[in-house]
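> Here is my input; please provide its structure:
(2 chains, ligands or ions: 1)
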Amino acid sequence: MNAPMNAAPAAARKLRVATTSLAGCFGCHMSFLDIDERIIKLLDLIEFDRSPLTDIKHCGPCDLGLIEGGLCNAENVHVLREFRKNCKILVAVGACAINGGLPAQRNHLDLRDILEEVYQTEYLLGRGGIPNDPELPLPLNKVHPIHEVVKVDYFLPGCPPPADAFWKLLTDLLAGRTPSLGHGLLHYD
Amino acid sequence: MSFELETALSPEKLRRVAIDPVSRVEGHGKVTILLDDDNKVHQVRLHIVEFRGFEKFIQGRPYWEVPVMVQRLCGICPVSHHLAASKALDMILGVKQLTPTAEKIRRLMHFGQILQSHALHFFHLSSPDLLFGFGSDVAARNIVGVIAAHPEIAKKGVLLRKYGQEVIRMTAGKRVHGTGSVPGGVNKSLTPEERAELLKDAYQMVAWSRDAVGLIRQLFEQNLAEYNAFGRFRSAGMCLVRADGAMDLYHGGLRARDIEGKPLFDHFNYGRYWDVIAEDVKPWSYMKFPFFKSLGPDEGSYRVGPLTRVTQCDHIPTPLADREREDFVGFDGGSAAGATLGYHWARMIEMLHAAEGIKDLLHDDDIVGSDLMATGQRQERGVGVIEAPRGTLIHHYRVDENDLVIRANLIVSTTHNNQAMNTAVREVAKKYLNGREITEGLLNHIEIAIRAFDPCLSCATHALGQMPLEVALVGADGTLIDDVTRDQRGLTRAP
Ligand code: SF4
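The predicted structure follows:
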């Protein structure tokens, strides 16, 4: 699997990659980092745009965008559209981005009931009240998968997808191949 | 702690600067700063926009699903949620004592978690600020820059994290979101091969963790005045300690001290945590503001996590980490132990403790044992508390006679630090931003104060002021998918 990366010409332009977590738990990002020391070699071939690892706050023009997490509030929608606009290839990473994942378990409940449950609990009444400052993004009534809102080019399944799936995706793209996950890399747990 | 700079008197006259999102932290948050025409700071707030409602949608689920479900709160420290939930459910099953194999496997998993999370936070996220300087070039101020400038340091960080993840994989089944811990015990122990595999590198990890403590100490020595003063404030604190007062990250009683360092409570049974802490809600953050009940919401905030644990325990039960603890609390007359950046130093001492703990457990034959589960008398209510990488983590459930969860309350580590983080950023804003032209480098100082706490924030945010109050979610094909409006009380569904 390492061959295409070593074969890439040293002077070639680096693949510019942006990553973000919407309504995700960062577990997908962790699994990406689970490529371990391969990250050091990878950084000769890719560069990060907006990502939790850099201080770039907005996504600029990129070759690849990796989206973890579904859409649970208005801000998620805004960030997703910014990524779609700037990324040539957009990938839905993990169960949450692909179908809403665990946070979507709130979809059969009424949002107000949930807020009341969380902020007016029986055990811990402080001064109470539901947060509603304009600085807080509006929650959506339901958690949505990202393909309902923008076109998605590839889906990387799993909760989280295994580190080798990230590696395969990136090495395929770097070698100019259509990414494809073989048996063993398609996980759904 | 004071509430200075929390709320400006006339916000409408002020200019707003936002750090959005706060980067190089786990999860998303944003900071808003309100300034007048002379750049005097009037208001600073760290907003947490995480809202997922786990407490609600977990209701009605069978209890045995809970340890696997709740770890999806956080992919950085899933083991903490996995174990805190398991501990609460042990209580529901009436299990008072786990089998030795189960307890040691869980402790091993937890040490793996502390090791990987602390390594990730220090090397991948925070070290660029410390190695390159607070206002250094934004383009290089990240792990890529560290790999280029300090490849040896970066490589150790990557491999320490990897080792912690491997410990988790072998005890939990998967590196992220494993299934190893179950109510009443664990579902696997280590095989002799796994044990041998982990033992190979165990001593190396101890040595590298020591190097990491040495590195942060050296950084303190080189920048003593700046590090000691940076975002400094006095704070109360809370953590678990073992019966003999030693640090114990897996189990113990609650110890709290006020801002003078005087005891508030000690060895308190966490099964009744609601007797000593309560939570306040503020309209501008989804994250609650916990406080000690005896001191009230205005005076009772406190902090948790490595700095509190290392300074409040009587000793650390592994020798190398304990020597480093003594060094740390005595350093420069104890000044580093009260500094916000002292969190980094304390975190590295804990990483060393975790590495030593892993090494010791790997020599214990119980970890390859086969007696995995214990039983007891079924109860209705269970509370599980653990010291997660970021601090005290509380899970609380009630389960009905059909084995379904009927109530849940979670207080995650970062929540305890909510007020402390807000105070720290206000201190930094006062000192570095007041009256100056705001630059990217200056704003990074605010983020450095937040990073010291290693917060886990989750879920993105953006200035709502720039968005319509009514939001329609329109799909790629133009159909309306979802919409919401905001009313006085909070939220309503659009008609
Ligand atoms: S798919 Fe799983 S690992 Fe990824 S963000 Fe969602 S819950 Fe976390």
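
> residue contacts, the most centrally placed residue in chain A?
Nearest to the geometric centre of chain A sits A:E68, at 1.7 Å (C-alpha atoms, centre = their mean). Neighbour list for A:E68: A:19-22, A:24, A:26-29, A:93-94, A:96-97 [criterion: C-beta atoms under 8 Å, 6 or more residues apart in numbering or on different chains]. Where C-beta positions appear, they are placed from N, C-alpha and C, glycine not excepted.

> and these near chain B, which?
For chain B, the contacts drawn from the contacts of A:E68 by C-beta under 8 Å from any C-beta of the partner chain are A:T20, A:S21, A:L22, A:G24, A:F26, A:G27, A:C28, A:H29.

> Get me the contact residues on chain A for the ligand.
For chain A, the residues in contact with the ligand (C-beta under 6 Å from any ligand atom) are A:24-25, A:27-28, A:68-69, A:94-96, A:101-102, A:159-160.

> Return the member of these nearest to B:T171.
The shortest approach to B:T171 among these belongs to A:G27, at 17.2 Å (C-beta to C-beta).

> How about the closest one, nearest residue that isn't a chain neighbour?
Nearest residue to A:G27, sequence neighbours excluded (C-beta to C-beta, 6 or more residues apart in numbering or on different chains): B:G75, at 2.2 Å.

> Neighbours of that neighbour, how many?
Neighbourhood size, B:G75 [other C-beta atoms under 10 Å in any protein chain shown]: 27.

> how about it, secondary structure?
Here B:G75 is recorded as coil under DSSP: H, G, I helix; E, B strand; the rest coil.

> Okay, and the spatially closest residue to B:R303 that is not a sequence neighbour sits in which element?
Leaving aside its sequence neighbours, B:R303 sits nearest to B:A420 (C-beta to C-beta, 6+ apart; 3.9 Å). Using DSSP states H and E, B:A420 sits in helix B:418-428.

> For that helix, which outside residues touch it?
B:1-2, B:4-6, B:31, B:44-46, B:48, B:230-233, B:235, B:285, B:287-291, B:301-303, B:340, B:445-446, B:448-450, B:452-453, B:455.

> got it, and stretch B:394-405?
Around stretch B:394-405, the neighbours that count as contacts under C-beta under 8 Å, 6+ apart are A:123, B:58-64, B:66, B:70, B:81, B:84-85, B:87-89, B:92, B:270, B:273, B:380-385, B:406-411.

> Please enumerate the strands of the stretch 351-495 of chain B.
Assigned by DSSP state E, counting those that start in this stretch, the strands in the stretch 351-495 of chain B fall at B:381-388, B:391-399, B:405-411, B:471-474, B:480-486, B:491-493.

> and the shortest one, what's its mean pLDDT?
Strand B:491-493 carries an average pLDDT of 34.

> cool, and the fourth one?
Summarised as a single mean, pLDDT over strand B:471-474 is 49.

> tally of neighbours for B:A196?
By other C-beta under 10 Å, 11 other residues sit near B:A196.

> Just list what the helix or strand containing it packs against, helices and strands only.
Element membership of B:A196 [criterion: DSSP H and E] is helix B:192-222. If you count contacts as 3 or more C-beta pairs under 8 Å, 6 or more residues apart in numbering or on different chains; DSSP states H and E, helix B:192-222 packs onto helix B:100-119, helix B:127-132, helix B:151-172, helix B:319-330, helix B:342-362.

> what residues does the fourth one touch?
Where contact means C-beta under 8 Å, 6+ apart, the residues beyond helix B:319-330 that reach it are B:206, B:210, B:213, B:217, B:310-311, B:313, B:315-316, B:336-337, B:342, B:345-346, B:349-350, B:352-353, B:356.

> Could you check the angle the helix holding B:A420 makes with helix B:342-362?
140 degrees (axes from the mean of the first three to the mean of the last three C-alpha atoms, to 10 degrees).

> and helix B:418-428, how far from the chain's centre?
Its chain's C-alpha centre and that of helix B:418-428 lie 16 Å apart, by C-alpha atoms, centre = their mean, to the nearest Å.

> follow-up on the earlier one: export the helices and strands packed on helix B:192-222 as CSV, with columns for mean pLDDT and mean neighbour count.
Below are those laid out as CSV (pLDDT from 0 to 100; neighbours: other C-beta atoms under 10 Å in any protein chain shown):
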stretch, mean pLDDT, mean neighbour count
helix B:100-119, 98, 26
helix B:127-132, 96, 22
helix B:151-172, 97, 22
helix B:319-330, 98, 18
helix B:342-362, 98, 26
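
> For the ligand, find the nearest of those helices.
helix B:151-172 (13.8 Å; C-beta to the nearest ligand atom).

> Wondering if that closest one reaches chain A at all.
Yes: applying C-beta under 8 Å from any C-beta, one finds helix B:151-172 touching chain A at B:P151, B:A154, B:K155, B:V158, B:L159, B:R161, B:K162, B:Q165.

> Report pLDDT for the nearest residue in space to the fifth one that is not next to it in sequence.
Distance criterion C-beta to C-beta, 6+ apart; nearest residue to B:L159, sequence neighbours excluded, is A:E37 at 6.6 Å. pLDDT recorded at A:E37 is 95.

> hey, what's A:S21 bridged with?
In this entry, A:S21 is beta-bridged to A:E68, by DSSP bridges.
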